[in-house]
Structures are given as C-alpha cells and as structure tokens.
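Participant: Sharing a sequence plus its predicted fold:
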Amino acid sequence: MIGRKYKGLTETEIIMSACRLCPRSCGADRLHGETGVCGVPADIYAGRAMLHHWEEPCISGTAEDGTDGGAGAVFFSGCVLKCVYCQNYELSHIRSSSRTRTRQNTIMSVHDRHSTDSTAGPSDTISHSYHTREITGEGICEDQVSENHLHHEQIGYQIPGKRISVERLAEIFLELQEEGANNIDLVTPTQYIPQIADALRLAGHNLPDDIDVSEKLGNDREISGELRNSDGTNKELTGDGKSSRRPGNHIRNRKLTIPVICNCGGYERVEALRLLDGLVDVYLTDFKYMDHEAARKYSAAADYPERAEEALAEMVRQCPEAVFADNGLIQKGVIVRHLVLPGMVHNSKDTIRYIYRTYGNHVWFSLMNQYTPYAEAAKRFPELNRRVTKREYNAVIDYALSLGVENAYMQEGATQKESFIPSFDGEGI
Ligand code: SF4
C-alpha cells in the first residue's frame, strides 16, 4: 500500500478526494479544500503535542511504578462527532467565522490557497468550500442541518491548531518518544486516519527489525505528506510552514518503538479502522451511547450505537487481548471508555451490558464520572447542566460489578476539573 500510486495519486489522496472515512460519509473533496462535518480539509491540523499525565494509569503511568513519563498525546483539530459536552470543544467544534463572503471571492480564495499558501502559521484563516452532499440525513441534529443549508456554497472559517505535514507528524511522534512518552496517544484521530497511517509508517512503527527505516523512506517518498496543488505541483508543509521535500536525517535511522494508541470517539467506519491494522497497538475508544435518542440529541449521531458496535468488533479483531508490560503499561488491547452522563444511568447500564456480554473480560472498561457541564450543553439541554451525582456513578459501578466485570478503571473523588484540559496553543506541534 505504501507508495503505490493510482493515476498519479497516493491512496491517501484518493481517499481525501471523496471522503467517506467516518459514518457521516460526506463525500467531501478534502484534497481540494472542501470540508465535511468534521470541518477539516486534507491537511493535518493539531492543537498540542505533550506528555499527558491524566489518562488511565496503564497509559500515563504512575509515580509508584516509576512509569509516569506520561502519554505522548497529539490533539488533532476537528471531530466527526458533535458532542455538546465535549471537553476539547475549542479544538473539535469548528464553526463558521464569516458568512459574508461572496461565492466568487471564496472560490478565488480556495484557489489562491492551493497555489500560494505554503506559509500559513498557527490558526490561519483559510477558506474552504463546505460540502453538503449526504450530510443532512440521520445523524445531524436540526440546527446543524440548518447551518449546512445556510452555508451550502462556500464559507470561510478559522481552523484551530497548526497545519502540519505528514512528515512533521512523524517527527512529532519521534520527539515525544525521545521525551520519554510511554506511548503515542492519538486524540481524536478519525478524520486523519490515512495521514496518520502514513506518518506511522514514515516513523517506522511496527516495522520488522530487519527492515532499515532510511531505506524504506527512500523507497516510499510519496508518503511524505505531499499533497497536490491545484496546478498539479506537489506541496508539502511543516509546522512552521516551511517547505520540506524529503524526510530529513532527524527521521532517518530512528524508529517509533513505543505503543501507538488510537484514542477515538467510537463513531468509526470499519473500512477506515482497517487502514490502522498493524499500526495501532491499543484502541482507547469511547462507547458513549446505546440510547439512540441521546446520541441524536447530544452528539448529532442517531446511528451511534450501531456504528460503535461495528467499530468495536473491528478493534477487538485487531487487538483481541490486552497485554501489559511488567511495569503495568499497556502494550496491546482495547479499553472502552464510557462517560456517565447526568440522568443517563440507564444508558450506561445498557452500554456496559452490551459490551460485557459480547466481549466478557477481553476488553477493559474505563468508567468515568468526570462529566463537566459546559456552557454550550447547559444552554441547549438544561438536563445536562449539572454534574453526575455520587449515587448515579455508584449505581453504574455496582451494575458493572454485578455483571461480573473484572477489568475496569473507575474514578474516585472530584475529577471534574478543567485543569485536565490542556491549552491548545500549538505547543509541541
Ligand atoms: S472524516 Fe467523516 S465527517 Fe470528515 S469529511 Fe470524511 S466522512 Fe465527512
């Protein structure tokens, strides 16, 4: 798959030219700047790369075990879900910042971007056409449908984070490894799965030891993040906007050897997850809902339960058993995160029951009580304007134990602190 081209395009470019990476199946031509529900074109945008000490103990490590180097987290911009209670709202919910451009001006702006824009820096404002095909079906809540129709031609808006190339992403992975990260923690990666797969290959992740990385890079330069300008020439961007035509010595002869964790929302397409087969070692996935109405109201994804069931089956197929190192850090496996929502104990019980009855103790649970009532959720849904009570959380934990769940992380005390949320200032990108 690496380096092969079809009609002059890499596989990643082909996927990006009519994107159906996630269940939204927008069909957006992200290669030429169109965006779908996730809000991002084919270029990679990320808000922060850092050592993250607030993930589960087997991921971030613990001081007691001497493993608290932290998860090597990369926070990606955009998201295929629209959860009103999202902790990373600033990075994941990309909204229009201008509704005043004329169609002609905006088209010119898109064209200009592809022909001249190689120096855009952090949070650059770029115009993208907004793709509308098939995104008004089930799964998008009403006000989003309305917004799609309002912006049915071309809009301009600001994408948070920095724009980076595939090569720069591979470098970031290697930098985090050198800083002592326990793993690479890909936060909200779904909308960039092909580019991330390319970066992981570029960083030599999970290559057999007898394959030389530099030789491989020489054979596969097509995967180094080059996307095509509208005039047919290739462009390649680094975090600082400088052009970089080939992988440098800073990538050659180094390999990414720490586990790679796909930390995603659970609303995935099986076909997209298969692009990560053999590259991702651990799936740390949300399973938010078995309640369709809640999925529709709070995440604009009424089909979430079905898509999450299919996705989890594929994740378990790829990583069937959890494997931990002697120091307690996870090396392989699937951990399912479930955030208990206020007034939604029934949803939590249904979710845990489905997963446990399907997979037993082969998958681990992380049952979270850290729901925080942010303004957006509170404004639209008053029932979400409070924290989860101790009684609600205990009811969920007791139910899991009554089923026979043995492998679970639980949260104790006041975990609903905003200090868990990093600043998305582009540091480390
Ligand atoms: S990743 Fe999903 S939401 Fe984004 S353009 Fe592709 S299909 Fe649409």
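Facilitator: Received the coordinates, thanks.

Participant: hang on, isn't Arg386 packed against Pro373?
Facilitator: Yes. Between Arg386 and Pro373 there is a contact under CB atoms under 8 Å: 6.0 Å. Where you see a C-beta, it was placed from the backbone N, CA and C, and this is true even at glycine.

Participant: Can you pull the residues that touch both of these two?
Facilitator: Listed as contacting both Arg386 and Pro373 by CB atoms under 8 Å, 6 or more residues apart in numbering are Pro342.

Participant: neighbour count winner among these two?
Facilitator: Neighbours were tallied for Arg386 and for Pro373 using other CB atoms under 10 Å; the higher tally belongs to Pro373 (17 against 12).

Participant: any idea which element that one lies in?
Facilitator: Secondary structure from DSSP states H and E places Pro373 outside every helix and strand.

Participant: these two touch, right, it and Glu383?
Facilitator: No. Counting by CB under 8 Å, Pro373 sits too far from Glu383 to count as a contact (10.1 Å).

Participant: Give me the common contacts of these two.
Facilitator: Joint contacts of Pro373 and Glu383 (CB under 8 Å, 6+ apart) are Pro342.

Participant: show me what contacts the nearest residue to Leu339 once chain neighbours are set aside?
Facilitator: Counting by CB to CB, 6 or more residues apart in numbering, Leu339 lies nearest to Met368, which is 4.7 Å off, once chain neighbours are set aside. Listed by CB under 8 Å, 6+ apart, the contact set of Met368 reads 337-340, 411, 415.

Participant: how far away is Met368 from Asp277?
Facilitator: Computed as CB to CB, to the nearest Å, the Met368 to Asp277 distance reads 28 Å.

Participant: Quick one: the helices in the stretch 201-350 of the chain, in order.
Facilitator: Secondary structure of the stretch 201-350 of the chain (DSSP state H, counting those that start in this stretch): helices located at 213-219, 270-273, 292-299, 304-318, 345-359.

Participant: I'd like the ones you listed written out as TSV, with mean pLDDT and mean neighbour count added.
Facilitator: As requested, the helices of the stretch 201-350 of the chain are exported to TSV (pLDDT from 0 to 100; neighbours: other CB atoms under 10 Å):
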stretch	mean pLDDT	mean neighbour count
helix 213-219	50	15
helix 270-273	98	19
helix 292-299	97	20
helix 304-318	98	20
helix 345-359	98	18
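
Participant: CSV for those helices, including distance to Glu90?
Facilitator: Below are the helices of the stretch 201-350 of the chain laid out as CSV (distance: least, CB to CB, whole Å):
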stretch, distance to Glu90
helix 213-219, 35
helix 270-273, 25
helix 292-299, 17
helix 304-318, 23
helix 345-359, 26
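
Participant: so can I have JSON lines of those helices showing distance to the ligand?
Facilitator: Formatted as JSON lines, these follow (distance: least, CB to the nearest ligand atom, whole Å):
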{"stretch": "helix 213-219", "distance to the ligand": "27"}
{"stretch": "helix 270-273", "distance to the ligand": "8"}
{"stretch": "helix 292-299", "distance to the ligand": "13"}
{"stretch": "helix 304-318", "distance to the ligand": "11"}
{"stretch": "helix 345-359", "distance to the ligand": "23"}
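
Participant: Nearest to Gly204, out of these?
Facilitator: Checking the helices of the stretch 201-350 of the chain against Gly204 by CB to CB gives helix 213-219 as the closest, at 3.9 Å.

Participant: Relative to the ligand, how far out is the closest residue in space to Arg357 that isn't next to it in sequence?
Facilitator: Closest residue to Arg357 apart from its sequence neighbours, by CB to CB, 6+ apart: Leu403 at 7.9 Å. For Leu403, the distance to the ligand (CB to the nearest ligand atom, to the nearest Å) stands at 33 Å.

Participant: Please apply the same query to Val405.
Facilitator: 32 Å.

Participant: What are the buried residues along the host helix or strand of Phe173?
Facilitator: Using DSSP H and E, Phe173 maps to helix 166-178. Within helix 166-178, the residues that count as buried by 16 or more other CB atoms under 10 Å are 166-174, 176-177.

Participant: Let's verify whichever residue of the stretch 101-250 of the chain sits closest to the ligand: helix, strand, or coil?
Facilitator: The stretch 101-250 of the chain approaches the ligand most closely through Gln191 (4.1 Å), counting by CB to the nearest ligand atom. Using DSSP: H, G, I helix; E, B strand; the rest coil, the structure places Gln191 in helix.

Participant: give the contact list for it.
Facilitator: Gln191 neighbours (CB under 8 Å, 6+ apart): 21-22, 38, 40, 76, 78-80.

Participant: same check, this time on Arg274
Facilitator: Arg274 neighbours (CB under 8 Å, 6+ apart): Glu314.

Participant: In the protein, where is pLDDT below threshold?
Facilitator: 1-5, 95-156, 210-253, 413-420 (pLDDT under 70).

Participant: and with 80 instead?
Facilitator: 1-7, 94-157, 208-253, 375-376, 413-422 (pLDDT under 80).

Participant: Tell me where the stretch 251-400 of the chain has strands.
Facilitator: 260-264, 282-286, 323-324, 330-339, 364-368 (DSSP state E, counting those that start in this stretch).

Participant: ok now the longest one, how far from the chain's centre?
Facilitator: Using CA atoms, centre = their mean, to the nearest Å, we find the averaged C-alpha position of strand 330-339 to lie 15 Å away from the chain's own average C-alpha position.

Participant: List the buried residues of that strand.
Facilitator: 330, 332-339.

Participant: quick check: angle from it to helix 304-318?
Facilitator: 170 degrees (axes from the mean of the first three to the mean of the last three CA atoms, to 10 degrees).

Participant: Which elements pack onto strand 330-339?
Facilitator: helix 57-60, strand 282-286, helix 304-318, strand 323-324, helix 345-359, strand 364-368 (3 or more CB pairs under 8 Å, 6 or more residues apart in numbering; DSSP states H and E).

Participant: Go ahead and produce PDB holding the CA coordinates of it.
Facilitator: Extracted C-alpha coordinates of strand 330-339, given in PDB (Å, rounded to 0.1, in the frame of the first residue of the first chain):
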ATOM      1  CA  ILE A 330      -0.500  -1.400  28.300                       C
ATOM      2  CA  GLN A 331       1.200  -2.700  25.100                       C
ATOM      3  CA  LYS A 332      -1.800  -4.100  23.200                       C
ATOM      4  CA  GLY A 333      -5.600  -4.400  23.600                       C
ATOM      5  CA  VAL A 334      -8.800  -2.500  23.700                       C
ATOM      6  CA  ILE A 335     -10.000  -0.200  26.500                       C
ATOM      7  CA  VAL A 336     -13.600   1.100  26.300                       C
ATOM      8  CA  ARG A 337     -14.200   4.500  27.900                       C
ATOM      9  CA  HIS A 338     -17.700   5.300  29.000                       C
ATOM     10  CA  LEU A 339     -18.600   8.700  30.400                       C
END
